[in-house]
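[1] this one's sequence-less:
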Ligand code: UD1
Ligand code: CA
């Protein structure tokens with residue numbers, strides 16, 4: 001097999017996006033569209049990958065730089081796709097083999113198609129192979145003009161005659177080239193178009209004149225070569241990518257109740273017999289085990305859920321790990337580096353941050369637990385708050401196994417509740433509670449007998465106009 005080199009065109013402004021962000025950095029299913037292209041490029045193990053940058057080149061380099069094997073070539077000004085490819089010449093000097101040209105704005109191309117492109121190209125001994133498809137709506141794409149069944153040239157939409165516009169075979173903007181004759185032929189186009197844009201698509205006619213063999217690979221699914229030029233196409237392509245992911249998961253045994261409203265990023269893994277209800281968003285590098293149930297309107301990002309986990313409605317879970325059989329929500333918020341043990345129950349309006357809960361522990365209602373290490377079988381009562389922040393620093397709370405924290409307790413960190421200890425409801429705990437002890441820290445209750453009756457008789461003996469202050473409860477008068 002000859003060496004493979006990939007060049008990705010990404011220098012254009014993407015005028016039709018009307019954006020200050022370079023077009024190819026707009027996210028599709030959670031990742032910049034060019035990231036999808038880079039990944040597909042990587043699948044054929046190229047010797048080099050060259051990204052052609054121009055518009056906002058600095059932002060592009062900053063965002064994508066530092067990756068192994070990725071080099072940048074600057075196209076300034078941007079004079080068209082042929083001119084863009086010319087900018088790779090110096091970086092590929094002395095190289096032989098195959099140049100695969102990809103477009104930074106065509107993110108749905110599959111690795112399988114890219115492999116087939118290389119196979120077709122080599123099998124045919126072609127100088128160039130063009131990826132095409134038969135499109136329902138060819139508008140906007142270059143059209144493939146064939147003579148005697150063979151590709152003769154490509155005509156851009158704006159240059160096409162009415163008859164050519166009716167051609168449904170479109171140019172995907174993805175090609176394999178034998179490197180040897182390529183850059184010399186590109187110079188012909190550049191010279192001819194000294195003023196205007198130089199179209200890479202004109203190369204096909206040049207090749208035919210030079211008797212260089214040109215092949216096509218017609219892909220079955222025209223979606224694979226959909227380009228993104230506008231926000232509307234961005235939404236369409238994103239939706240296709242989501243659909244593909246949902247199909248893949250369903251084929252692997254995941255129930256997705258309403259695929260149209262389910263948003264799962266490409267890298268997410270989900271085990272069989274897990275059920276995903278409507279309106280769920282699962283992002284980043286999330287892994288979910290089998291037989292879990294994710295109820296409606298939950299967002300999970302970069303988290304790990306083991307098996308048989310239940311997430312009730314309206315939870316936000318980011319950067320957390322949840323063990324088998326835990327139940328979370330509704331309305332819970334798990335923030336980064338939260339670790340939920342086996343069978344733990346986290347109920348409504350509970351927020352967790354950098355907190356660990358051991359197996360079988362419960363925090364069922366209205367709590368904030370931050371920077372806390374909580375053991376196994378701990379009961380955290382409703383309204384418990386770890387006061388972890390003193391205005392400057394964060395402090396740790398430790399609650400050992402089997403402790404019971406009464407409702408409406410403030411644990412003023414740093415503080416430790418010993419094994420099996422109890423904390424009385426309504427306490428403000430500022431000192432450690434030893435194992436097995438009861439910690440209680442609240443104002444003592446006093447009952448004033450007959451207070452209500454006395455208030456009533458005081459009121460009827462006093463002229464309403466002369467009364468200037470209301471009686472205060474607890475003062476005894
Ligand atoms: C191009 C093709 C068209 C094809 C379509 C497929 C040409 C002339 N036309 O049209 O036949 O059907 O793609 O999606 O090639 N770019 C540069 N430098 C430039 C101009 C563009 O790097 O000077 C980059 C863009 O950033 C983009 C890619 O090349 O990633 C394609 O450019 P774009 O302007 O989107 O071309 P299309 O009009 O879509
Ligand atoms: Ca395009």
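    Arrived safely, thanks for sending. What you see is a predicted model; the values in this text were computed from it and never measured. Numbering: from 1, shown residues only. Ligands and ions are numbered 1, 2, ... in the order given.
[2] my guess is residue 171 contacts residue 133. True?
    No: counting by C-beta atoms under 8 Å, residue 171 does not reach residue 133; the two are 9.1 Å apart. Every C-beta, even on glycine, is put in place using the N, C-alpha and C of the backbone.
[3] the more surrounded of those two?
    With neighbours defined as other C-beta atoms under 10 Å, residue 171 and residue 133 compare such that residue 171 has more, 25 against 22.
[4] bridging residues for that one?
    residue 132 (DSSP bridges).
[5] give me the spatial nearest neighbour of whatever residue of the chain ends up closest to ligand 1, chain neighbours excluded.
    Using C-beta to the nearest ligand atom, the closest approach of the chain to ligand 1 is made by residue 142 at 2.3 Å. Excluding its sequence neighbours, the residue lying closest to residue 142 (C-beta to C-beta, 6 or more residues apart in numbering) is residue 171, at 3.7 Å.
[6] list the contacts for that neighbour?
    Residues in contact with residue 171, defined by C-beta atoms under 8 Å, 6 or more residues apart in numbering, are 130-132, 141-144, 154, 201.
[7] and if you look at residue 103?
    Shown in contact with residue 103 (C-beta under 8 Å, 6+ apart): 8-10, 37, 173-174, 227.
[8] do residue 432 as well
    415-418.
[9] where's it relative to residue 333, distance?
    Residue 432 sits 28 Å away from residue 333 when distances are taken as C-beta to C-beta, to the nearest Å.
[10] over to residue 377?
    Residue 377 sits 23 Å away from residue 333, taking C-beta to C-beta as the criterion.
[11] could you do residue 344 as well?
    Distance of residue 344 to residue 333, given as C-beta to C-beta: 15 Å.
[12] quick one, which of those two is more surrounded?
    For residue 344 versus residue 333, neighbours defined as other C-beta under 10 Å are more numerous around residue 344 (26 against 20).
[13] tell me the pLDDT at that one?
    Predicted confidence (pLDDT) for residue 344: 98.
[14] the closest residue to it other than its chain neighbours: how many residues sit nearby?
    Nearest residue to residue 344, sequence neighbours excluded (C-beta to C-beta, 6+ apart): residue 326, at 4.5 Å. Counted with other C-beta under 10 Å, the neighbours of residue 326 add up to 25.
[15] and residue 326, what does it touch?
    Neighbour list for residue 326: 306, 309-310, 340-346 [criterion: C-beta under 8 Å, 6+ apart].
[16] got these as JSON lines, with secondary structure and distance to ligand 1 columns?
    Shown next, in JSON lines, are the contacts of residue 326 (DSSP: H, G, I helix; E, B strand; the rest coil; distance: C-beta to the nearest ligand atom, whole Å):
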{"residue": "306", "secondary structure": "coil", "distance to ligand 1": "41"}
{"residue": "309", "secondary structure": "coil", "distance to ligand 1": "41"}
{"residue": "310", "secondary structure": "strand", "distance to ligand 1": "44"}
{"residue": "340", "secondary structure": "strand", "distance to ligand 1": "43"}
{"residue": "341", "secondary structure": "coil", "distance to ligand 1": "48"}
{"residue": "342", "secondary structure": "coil", "distance to ligand 1": "49"}
{"residue": "343", "secondary structure": "coil", "distance to ligand 1": "51"}
{"residue": "344", "secondary structure": "coil", "distance to ligand 1": "48"}
{"residue": "345", "secondary structure": "strand", "distance to ligand 1": "50"}
{"residue": "346", "secondary structure": "strand", "distance to ligand 1": "45"}
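[17] identify, from those, the entry nearest to residue 362.
    The closest of those to residue 362 turns out to be residue 345 (C-beta to C-beta; 4.5 Å).
[18] what about the closest one, how many neighbours?
    Close neighbours of residue 345, defined as other C-beta under 10 Å, add up to 20.
[19] what bridges to it?
    Per DSSP bridges, the residues bridged to residue 345 are residue 327, residue 362.
[20] and the gap between residue 185 and residue 12?
    Distance from residue 185 to residue 12, by C-beta to C-beta: 22 Å.
[21] residue in the chain with the shortest distance to ligand 2?
    residue 227 (3.6 Å; C-beta to the ion).
[22] need the contact list for residue 9.
    Shown in contact with residue 9 (C-beta under 8 Å, 6+ apart): 52, 81, 84-85, 101-104, 173.
[23] those residues also near ligand 2: which ones?
    Taking C-beta under 5 Å from the ion as the test, ligand 2 is in contact with none of the contacts of residue 9.
[24] sorry, back to before: can you list the contacts of residue 432 in TSV and add distance to residue 267, pLDDT and secondary structure?
    Shown next, in TSV, are the contacts of residue 432 (distance: C-beta to C-beta, whole Å; pLDDT from 0 to 100; DSSP: H, G, I helix; E, B strand; the rest coil):
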residue	distance to residue 267	pLDDT	secondary structure
415	40	98	strand
416	39	98	strand
417	40	98	strand
418	43	98	coil
